[in-house]
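1. could you look at this predicted model? Sequence included:
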Amino acid sequence: MKVAAQEPSFRSILGKLGYVQDSTVAPLPAWARFYLDLGASIAAEPATGAYFVVAISAPTRSFAASLIACGVVLASASRQSDGATVEHIEKLLSVEPGKPVILRSGRRQLKGHYLGAKDIVGSQTMRGTWLVIRTDEGTERYVPLENAAKIEVLDEDSIRLPRSQRGHLIEPPGPLLAAVADEVLVATLLTRSETDCVLVDSAAAVAKVELTAAEFAIRGAAGDYTIGTLQELLRARPYLKRGTAYRAHVLSAGSRYIPAFASRLEPLAALFDGGLAYVKWAEFWKRTHRILVLDRTDRRFEDAVRLVNQEYVERRIDRNLDCPLPDPPRGVELMVFEVYE
Amino acid sequence: VKFLSVSETDAVYGCSQSLRIAMHLAQYPELGKFSKALYRFAGSLGDMATDSYWGPAMRRLKLLQFDLCAAPFSAKYIEDRCSSTVAWLQEYLQPSSSMYPRAAEDGLSVCELLEDVCGNPRAPLLEKLRELVGAPEGIKIAILIGEPRLIPPTQDQLRLHKELSDCEVIAPANLREGVIGEMLLAIGPPQWFPEYVFMAPRAPKVAILAYDWMRIWWKPAELFMAPFAGSGIVEEVILQHKGEEDEGIDPEALVPAIDFKQVFAAGVGRAPARDEDEAVEARAYVLDQGWAVLLEAGETSSALVVDLDENLSDRVRRIRASEIERGTYILLRTSGGGDYIVPVANRILADFESTARQHQRDWKVRLRTLFRKHGPAHVTENLRRLGSVRANDTNLHNWMSERNIRTQDPEDFTAIMRLIGLGEQAEEYWRIMGLIDKAHKMAGFRIRRLLLEEVDRMDLQGLERIGMMTIELPDKDAGSLGIFRVLSVSPTVELVPASDIGEPFPIEQNGQDASSQSLLWD
């Protein structure tokens, strides 16, 4: 894993994150920042044939997996939106004219046909390269190249455009997300469904409370606070309205349907919250980074430690890790190694 | 698993930041001398220590010794319990003077040392506790008892002392949630407690309180094979106390071992014997609070369990008996026979119950009669000849079992009916057995639904603390049920009467030691 050349903006803003307790806001403790950073570090680079196994022993499972998952999603979505400026433009420039696309314009999302790139040289105000999208009969919209992230190429080969199009209203971001992420990252999270992270939880009911009810806050420039939940950042599918863009799945370790999910979900990282989740389901996600959160008091703690140690002995890739992971806080033990799928 | 807020979680991490384990030692030399003598006596008896004569005496003495070291009892309690044990032992050992003169002499010496304990009744653990709680900087202490069986009597003792009445008495399993006070005081040496008590402490201060004649030693075990550089492992904490003159007793030796021979003996023959009773292979399961149960060991045998880690809808489920392990919470009927499905199913069958059950008994009794008369080989061979495809020793035992309703395949059933002379009525019997089967399934659904409602209302923390809880289902036929934590499973199986299967029983039944075999909980 390489050190990112430039720290993504959300990471510095996350440093200002706090939590709400009895109507006051307290700074996020060091252990909580560690988990956010850990998730972001693991997701900073995509896996290429080799995958990380990260085992964490913590005094309590509380919030560890939820925060790691948020770090994974923010880093992954951030890379997606940042990377768009190069990778995404190259992809757009190679797309055949007429290919269906989505164009985000303000708070609306429009369907369109991509017509290609156009260089304008004469006009003072329009000089430069523009990406041209037809959104309805007779309307062509010119998008500056630097805003290419607002265009998303659809899988469909063709779509019919309406005679006149107002577009769909994009769901407004939650207050915490709006405060943490820039406009492009917000748009990426709200409009593109991806499986950045699968959280297999031995205590899924508790994870739901952590993600959707526990309040976190960011202090604004004027000293005021913006309050929201981790779910705004994670966008876990089970807690979203149908049809809205998601970035993560939360599954109960007791579910019978996990093998079915595992066969069609290929996340960037699979997160196992609790010994039971890891012992039962780790085998089902081999082509992804795997992060195991173990509570010292967990009934299956020793079983899971034995299993992960066994994997270290039998499957680790013997090479030095170039892993810019944050230092764990006291009381947290960590083991990190790489395996091939 | 309970939700912890960020600040509650932060408090837990705070306890891990400043891990210090204090060691408080109490003196009770008379108890130390008795313990050493008992240890030597057990060694000199060798294998005889678990035989039918010496076994009961050794179990009782070891249990007494362990209990006095594992909970802060009052001087009066210690005196009463030791005196009754001395009286019982003197009488019990009388015949041994002629059978085993040397061992009897040693046994009586141990008895004399126990008399010294009675003669000097003190309560050093309790006194030390009062001292700690009553100190000027008095802090909120939670008292950790490794053996859940000793929690209720400890709580009773503490209530008698004003300064201790607010102390919470907890089991290690209760440390799975948030911080429980300013100090966690574990009664007994650290070797008796799971590692998370010290490595994931739930109080800023952790202390142990043990007798000074014990050999105390503890250090954290290695966890991961290759800890990440910079991994936040707490500094190595080592507790060490060698005991007096370097001859302290190893605390592991004080923990009474489970004697499964005795558990089986206590569990067999409780139900009135019936002519049609068959013997089945069973395992013994030692449960919390001094209980045990025998469960059929066959591959198809199953039991209802309560899984505290699951969401409510999945919390009650049926698992194979072979999957039951230490820590499983198993659901058992505490009165009226082990099977809680049968009475509910009978009510569903209503007026037809008597006829249906009579038919069920009829074909099984006939089959068993043939089995006893001609043996398994003859019966299975004839069943195959009559068209059975699955007849073998194991299935034959299952089919004869009262717990089984009918065969899976009608062809096997028809072959049985023909063999026992009921070939003409095979279809009718198959239909009636089908009705019983359906009633059992309906009863199972109904009980599970009622159980889920009860479990939702239950104090799960209390269940984890004590390891056992009784519940009354609104359905009167289901009767009293108990949820028990499994402490140990017998490694071997034994043949027991089917009527003794499934109903929990107390392991010990002699006076005040009826409580149990002791087994530290982790």
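-> Nice, thanks for sending it over.

2. all contacts plus neighbour counts: C-alpha atoms, from now on.
-> Will do.

3. show the pLDDT at residue 4.
-> Unless you meant another one, I'm taking chain A. With respect to pLDDT, A:Ala4 scores 37.

4. chain B was what I was after
-> For B:Leu4, the pLDDT comes out at 94.

5. what of the one 10 residues further on?
-> Taken from the predicted model, the pLDDT recorded for B:Gly14 is 93.

6. wait, it sits on B:Lys205?
-> No - contact criterion CA atoms under 8 Å: B:Gly14 and B:Lys205 do not qualify, at 10.8 Å.

7. three-state assignment of the residue of chain A most remote from its centre?
-> Largest separation from the mean C-alpha position in chain A: A:Gly122, at 41.7 Å (CA atoms, centre = their mean). Three-state assignment for A:Gly122 (DSSP: H, G, I helix; E, B strand; the rest coil): coil.

8. and if you look at B:Ile208?
-> On the three-state scheme (three-state DSSP), B:Ile208 is labelled strand.

9. contacting residues around the closest residue to it other than its chain neighbours?
-> With sequence-adjacent residues excluded and distances taken as CA to CA, 6 or more residues apart in numbering or on different chains, B:Ile208 is closest to B:Ala186, at 4.6 Å. Going by CA atoms under 8 Å, 6 or more residues apart in numbering or on different chains, B:Ala186 touches B:Ile143, B:Leu144, B:Ile145, B:Gly146, B:Val206, B:Ala207, B:Ile208, B:Leu209.

10. between those, which is nearest A:Ala43?
-> Comparing these against A:Ala43 with CA to CA places B:Val206 closest, at 38.2 Å.

11. distance of the residue lying closest to B:Ser499 once chain neighbours are set aside relative to A:Pro259?
-> Distance criterion CA to CA, 6+ apart; nearest residue to B:Ser499, sequence neighbours excluded, is B:Ala271 at 6.0 Å. According to CA to CA, to the nearest Å, B:Ala271 and A:Pro259 sit 45 Å apart.

12. now A:Met335, what's its secondary structure?
-> For A:Met335, the assignment made with three-state DSSP gives strand.

13. OK, contacts around it?
-> A:Met335 makes contacts with A:Val53, A:Val54, A:Ala55, A:Ile56, B:Phe224, B:Met225, B:Ala226, B:Pro227, B:Phe228, B:Ser231, as judged by CA under 8 Å, 6+ apart.

14. ok, now how distant is the fifth one from chain A?
-> To tie it back to what came earlier, the one meant is B:Phe224. Going from B:Phe224 to chain A by CA to the nearest CA, to the nearest Å gives 6 Å.

15. buried among the contacts of A:Met335? Need that as a selection in ChimeraX.
-> Buried residues within these, by 16 or more other CA atoms under 10 Å in any protein chain shown, are selected in ChimeraX with:
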select /A:53,54,55,56 /B:224,227,228,231
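
16. export the contacts of A:Met335 to JSON lines and tack on distance to A:Glu152, pLDDT and secondary structure?
-> Formatted as JSON lines, the contacts of A:Met335 follow (distance: CA to CA, whole Å; pLDDT from 0 to 100; DSSP: H, G, I helix; E, B strand; the rest coil):
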{"residue": "A:Val53", "distance to A:Glu152": "33", "pLDDT": "95", "secondary structure": "strand"}
{"residue": "A:Val54", "distance to A:Glu152": "33", "pLDDT": "96", "secondary structure": "strand"}
{"residue": "A:Ala55", "distance to A:Glu152": "36", "pLDDT": "97", "secondary structure": "strand"}
{"residue": "A:Ile56", "distance to A:Glu152": "37", "pLDDT": "97", "secondary structure": "strand"}
{"residue": "B:Phe224", "distance to A:Glu152": "44", "pLDDT": "93", "secondary structure": "coil"}
{"residue": "B:Met225", "distance to A:Glu152": "45", "pLDDT": "92", "secondary structure": "coil"}
{"residue": "B:Ala226", "distance to A:Glu152": "43", "pLDDT": "90", "secondary structure": "coil"}
{"residue": "B:Pro227", "distance to A:Glu152": "43", "pLDDT": "89", "secondary structure": "strand"}
{"residue": "B:Phe228", "distance to A:Glu152": "40", "pLDDT": "85", "secondary structure": "coil"}
{"residue": "B:Ser231", "distance to A:Glu152": "42", "pLDDT": "68", "secondary structure": "coil"}
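
17. out of the contacts of A:Met335, which comes closest to A:Gly71?
-> A:Val54 (14.4 Å).

18. so that closest one touches A:Val339, yeah?
-> No - applying CA under 8 Å, one finds A:Val54 not in contact with A:Val339, separated by 10.8 Å.

19. show me where the stretch 201-341 of chain A dips below the pLDDT cut-off.
-> A:323 (pLDDT under 70).

20. all strands for the stretch 101-250 of chain B, in order.
-> Along the stretch 101-250 of chain B, the segments classed as strands by DSSP state E, counting those that start in this stretch run B:141-145, B:168-170, B:183-187, B:205-211, B:216-218, B:239-241.
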